[in-house]
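Novice: Have a look; sequence and predicted model below, questions after that.
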Amino acid sequence: MPWEHKDLTKLWRWPIARYLNTFGWWAEDYERPLIRLIFNVIRAVFFSVNVAFLLSLTIGVCQQMASTSNVMDNLFSFFAAGPSFVGFGKIIGLMSQRGMWRKIWSDLDDMLKDVVNRGVDAKMEAEIRWRYKRCWAMYSIFLSVGTCITLHWLVRPIVYAMYGERTSIVDTWPTYLNTWLQWFTTYIFQAMNISSFGHSLYLYDNVYFCTCENILVQFAILKHHLYMMDISRGKPGGVDLQFCIAHHKKLIK
């Protein structure tokens with residue numbers, strides 16, 4: 001398991017970063033120009049399709065709500081549209097905040113390396129491993145549950161199609177379902193958006209959680225040093241106190 005790695009600095013390598021590039025949101029991470037160009041194109045294509053989908057979705061939902069007074073149908077349309085707009089906002093947030101997150105992650109990694117180079121006793125090592133184990137567990141849960149929810153929306157029209165009924169994932173305008181070719185085209189268009197929006201919904205929260213959990217690791221280290229500090233040797237705490245002060249300053253900046 002990753003939290004059992006011998007090197008404490010490799011217990012957590014920010015695995016969430018590679019999922020942020022599923023749709024090219026962090027294309028700048030790639031150093032090779034060709035790879036970066038490919039993911040920039042992927043990002044541009046999906047972003048353009050996202051904007052077109054939101055316009056189509058807004059018109060479709062308005063028409064749906066105007067054409068029927070059925071509360072359940074209207075709630076379904078609203079429930080389908082709401083998360084799409086939230087997901088689009090999170091996509092913009094993830095793309096615009098890449099530099100900030102990379103800086104925070106790099107600082108947290110450097111802080112952990114400083115602690116490990118300084119020396120870690122058995123008690124602190126056990127605490128660090130337990131906290132990273134919790135981080136891995138929650139990261140995996142977010143990823144698994146979020147993926148299942150997104151797949152639920154994507155699979156539903158396919159299940160209906162297996163029984164000969166053509167339906168769309170959500171109500172958009174215009175929706176072409178007269179032939180199977182039109183159904184397939186509509187499905188691909190909507191699936192591109194539902195998958196990217198669903199991806200952003202659970203990844204955005206996961207980024208915050210993983211970052212906060214890593215910050216808690218550093219506070220646990222600080223707490224351990226303060227608790228184990230020996231103030232009987234000359235100046236209060238000696239080097240330990242200076243380390244704790246510097247460590248705390250890095251955490252709150």
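Specialist: Structure received. Keep in mind that this is a model prediction, so the values were computed, not measured.

Novice: State which helix of the protein is the longest.
Specialist: Of all the segments of type helix in the chain, defined by DSSP state H, the longest one is helix 180-228.

Novice: Does that helix pack against any helices or strands, and if so which?
Specialist: helix 16-19, helix 33-67, helix 71-96, helix 98-118, helix 122-162, helix 239-252 (3 or more C-beta pairs under 8 Å, 6 or more residues apart in numbering; DSSP states H and E). In short, each C-beta sits where N, CA and C put it, glycine included.

Novice: Counting by contacts, list what the longest one packs against.
Specialist: Right, helix 122-162. Applying 3+ C-beta pairs under 8 Å, 6+ apart, one finds that helix 122-162 makes contact with helix 180-228.

Novice: And the average pLDDT for the helix it packs on is what?
Specialist: Averaged across helix 180-228, pLDDT comes to 90.

Novice: on that earlier part again, I'd like the helices and strands packed on helix 180-228 as JSON lines, with distance to L222 and mean neighbour count appended.
Specialist: Conversion of these to JSON lines gives the following (distance: least, C-beta to C-beta, whole Å; neighbours: other C-beta atoms under 10 Å):
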{"stretch": "helix 16-19", "distance to L222": "24", "mean neighbour count": "16"}
{"stretch": "helix 33-67", "distance to L222": "38", "mean neighbour count": "15"}
{"stretch": "helix 71-96", "distance to L222": "29", "mean neighbour count": "16"}
{"stretch": "helix 98-118", "distance to L222": "9", "mean neighbour count": "15"}
{"stretch": "helix 122-162", "distance to L222": "11", "mean neighbour count": "15"}
{"stretch": "helix 239-252", "distance to L222": "5", "mean neighbour count": "14"}
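
Novice: Could you measure from the most centrally placed residue in the chain over to G82?
Specialist: Closest to where the C-alpha atoms of the chain average out (C-alpha atoms, centre = their mean) is L203, at 1.7 Å. The gap separating L203 from G82 is 18 Å, by C-beta to C-beta, to the nearest Å.

Novice: Same question for F53.
Specialist: Note on F53: its distance to G82, by C-beta to C-beta, is 14 Å.

Novice: same thing with T58?
Specialist: According to C-beta to C-beta, T58 stands 11 Å off from G82.

Novice: what do you get for L20?
Specialist: As defined by C-beta to C-beta, L20 lies at a distance of 23 Å from G82.

Novice: Give me the phi and psi angles of W25.
Specialist: phi -70, psi -30 (degrees, to the nearest 10).
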